[in-house]
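Novice: Curious how this folds, go ahead:
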Amino acid sequence: MSEAEATPQRSLIDRWSSVSLARRITIAAAVWGVFVLIGGALALSAVYRAQTLALVERDLQETLVTLSRELIREEAFLADGRITNTNRDFFPSDIRFQMQYSGQYWAVVGLNKDGTISGDFRSKSLWDEDVPITLELVERAASAPGITQYGNYDGPADQRSRVAAQAIVIENRPTPLILVAASDRSPNDASATQFRNLLLGTMIALFGGVFAAMLLGIRYSLNPLVKLQADVAKVREGEAQKLGGDYPSEVRPLTEELNKLIEHNREVVDRARTHVGNLAHALKTPLAVLKNEASGQSQLDDVVRRQAGAMQMNVEHYLRRARVAARAETIGARTEIRAVIDGLARLLNRLFDAKGIEVTVEGSASAIFRGEQQDFEEMVGNLMENACKWAATEVKVTVSDTPQELTIIVEDDGKGLTEEEREAAMKRGVRLDETRPGTGLGLSIVKELAELHKGSLELGVAALGGLSAALRFTRP
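Specialist: Okay, the predicted model is just below:
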């Protein structure tokens, strides 16, 4: 198989693998139900049709027996085996044999040596129609005298008839006689068709009821998985510490393993925090010693101080990033956004009151950030403080929370930044105004923190005229 042929096949398997359990069971049950419905209806209707046909053939056989018995009783044969002009009223007495084209017929057919019909003796119901028998049926009957052969014949009067033929050997007659009985099978076929339609309707109704009950059963049976999904979401969002509640015995092992996994995750994060703290303390003292020892005025002392300072800045940056990364992977961490932002707004309003800056907060009051409060405070605090530094009179924070995305937008009415300045401001250590205090790490730290929490930082032009900084976090 070529790669081009294998790819669609794998794609089909992948699509089927992603189909929900409920849909898999439903599709399998529907396919099997349709198969059973059609197969069962066809099988039962075939049995019914065969049974009705067997009843017709039994009546035909009785007519043949009556014919042979009456021929003997009426002494209808001459010494040379020829049949006499016997009174037909003594033959099968069913009134339908006396009515023209009634659907019930009999005949006694002579046979020539070449296998052709030489004459016949018939019931009144057959009238002037041909004897309802084919040459193929005559040959079969003549080849096995005494054994009834059956076949179909269209007629008389275009009636679809079932025909029974039996050859009898007469003493002194060179060829056998063929006894023929025929019956219109149209009523039986109509009855079988009606039974099949009634059966199909009944089975469709039965299948519909069973299928509806099965769907309810599937939904009820899968409820524990729906509850498990909701409980896992609560743990991930920090509303619960572990999976609780009663689960069926088939699901309980899964919940126990998930609880163990959650606990293991917490232990890993705690160990990571401990190691980061130990590393920070281990590096802090040697760097401080280097800076103290390089207190002279020589060129070497200056190089050591600058490099030690750079090392200390890098160590603090990457240790902080490691701590944030560990916290970002913590299952169940959650922060109420408005409580944090409102607190920061009150603090900044007091700090920048002399400058005439007013910080306002709008938007969702119930929004949740899925992460540690410390990280959220650092991101939003940096943006709000930066906005207050550059604003003329107003800073506005807007919180938008949808099922798809959490957005926090910080705007100011300052002079803003050009597109080139916005790109430069996102780089680590870049300061656009050396006259303002700072290290140039604020926006880059916010960007890194946002990315660690599967989010992004976007800078643009605010509706107030200044800079717009938007934190966006996609909901999982």
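Novice: And the helices in the stretch 101-250 of the chain, which stretches?
Specialist: Under the criterion DSSP state H, counting those that start in this stretch, helices of the stretch 101-250 of the chain are mapped to 135-143, 186-221, 223-236.
Novice: In the stretch 51-200 of the chain, where is pLDDT below threshold?
Specialist: Low-confidence regions of the stretch 51-200 of the chain, defined here as pLDDT under 70, cover residues 72-93.
Novice: before we move on, the earlier item: among the helices of the stretch 101-250 of the chain, which is nearest Ala425?
Specialist: Proximity to Ala425 (Cβ to Cβ) singles out helix 223-236 among the helices of the stretch 101-250 of the chain, at 33.3 Å. Quick note: C-beta positions are derived from backbone N, CA and C, even for glycine.
Novice: Flag every buried residue along the closest one.
Specialist: Buried positions in helix 223-236, judged by neighbour count with 16 or more other Cβ atoms under 10 Å: 224-225, 227-228, 231-232, 234-236.
Novice: Show me what it packs onto, helices and strands only.
Specialist: Where contact means 3 or more Cβ pairs under 8 Å, 6 or more residues apart in numbering; DSSP states H and E, helix 223-236 is packed against helix 252-293.
Novice: Could you list every helix and strand that the helix it packs on packs against?
Specialist: Taking 3+ Cβ pairs under 8 Å, 6+ apart as the contact cut, helix 252-293 packs with helix 223-236, helix 299-328.
Novice: Just checking the distance from the shortest one to the centre of its chain.
Specialist: This means helix 223-236. How far helix 223-236 lies from its chain's middle: 20 Å, per Cα atoms, centre = their mean, to the nearest Å.
Novice: In stretch 419-427, which of the residues would be classed as buried?
Specialist: Neighbour-count burial for stretch 419-427, counted by 16+ other Cβ under 10 Å, picks out 422, 425.
Novice: so where do the strands sit in this structure?
Specialist: Across the chain, reading from the start of the chain, the strands by DSSP state E fall at 104-111, 117-122, 149-154, 160-168, 177-184, 335-336, 358-363, 368-369, 394-401, 405-412, 455-461, 467-474.
Novice: elements contacting the second one?
Specialist: Just to be clear, that refers to strand 117-122. Counting by 3+ Cβ pairs under 8 Å, 6+ apart, strand 117-122 packs on strand 104-111.
Novice: Within the sheet, what are the partner strands of the strand it packs on, with directions?
Specialist: strand 117-122 (antiparallel), strand 177-184 (antiparallel) (DSSP bridges).
Novice: Those: which one's closest to Glu458?
Specialist: Relative to Glu458, the nearest member of the strands paired with strand 104-111 by Cβ to Cβ is strand 177-184, separated by 86.7 Å.
Novice: With only the CA atoms kept, save the closest one in PDB.
Specialist: Taking C-alpha atoms only, strand 177-184 is exported to PDB below (Å, rounded to 0.1, in the frame of the first residue of the first chain):
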ATOM      1  CA  LEU A 177     -51.400 -39.900 -18.000                       C
ATOM      2  CA  ILE A 178     -50.500 -36.500 -16.400                       C
ATOM      3  CA  LEU A 179     -52.800 -35.400 -13.500                       C
ATOM      4  CA  VAL A 180     -52.700 -31.700 -13.100                       C
ATOM      5  CA  ALA A 181     -54.000 -29.500 -10.300                       C
ATOM      6  CA  ALA A 182     -53.600 -25.700 -10.200                       C
ATOM      7  CA  SER A 183     -54.500 -23.000  -7.800                       C
ATOM      8  CA  ASP A 184     -54.300 -19.200  -8.100                       C
END
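Novice: List the buried residues in it.
Specialist: Neighbour-count burial for strand 177-184 flags 177-184 (criterion: 16+ other Cβ under 10 Å).
Novice: thinking again about what came up before, can you tell me which of the helices and strands packed on helix 252-293 has the worst average pLDDT?
Specialist: Of all those, the segment with the smallest mean pLDDT is helix 299-328, scoring a mean of 67.
Novice: circling back to that earlier point, pick the most buried one from the strands of the chain.
Specialist: Among the strands of the chain, strand 177-184 has the highest mean neighbour count (mean count of other Cβ atoms under 10 Å), at a mean of 26.
Novice: Would you tell me which of the strands of the chain gets closest to Arg271?
Specialist: Between the strands of the chain, strand 335-336 lies closest to Arg271; by Cβ to Cβ that is 23.0 Å.
Novice: List of residues touching that closest one?
Specialist: Counting by Cβ atoms under 8 Å, 6 or more residues apart in numbering, the neighbours of strand 335-336 from elsewhere in the structure are 367-369, 371-373, 376.
Novice: So in that sheet, which strands flank that strand, and in what orientation?
Specialist: Applying DSSP bridges, strand 335-336 is found paired with strand 368-369 (antiparallel).
Novice: avg pLDDT for the partner strand?
Specialist: Per-region confidence: strand 368-369 scores 84 on mean pLDDT.
Novice: Now Thr175. Nearest residue, chain neighbours left out?
Specialist: Beyond its immediate neighbours in the sequence, the residue positioned closest to Thr175 (Cβ to Cβ, 6 or more residues apart in numbering) is Leu111, lying 4.4 Å away.
Novice: That neighbour contacts Ala142, doesn't it?
Specialist: Yes: contact status for Leu111 versus Ala142: in contact at 6.3 Å, counting by Cβ atoms under 8 Å.
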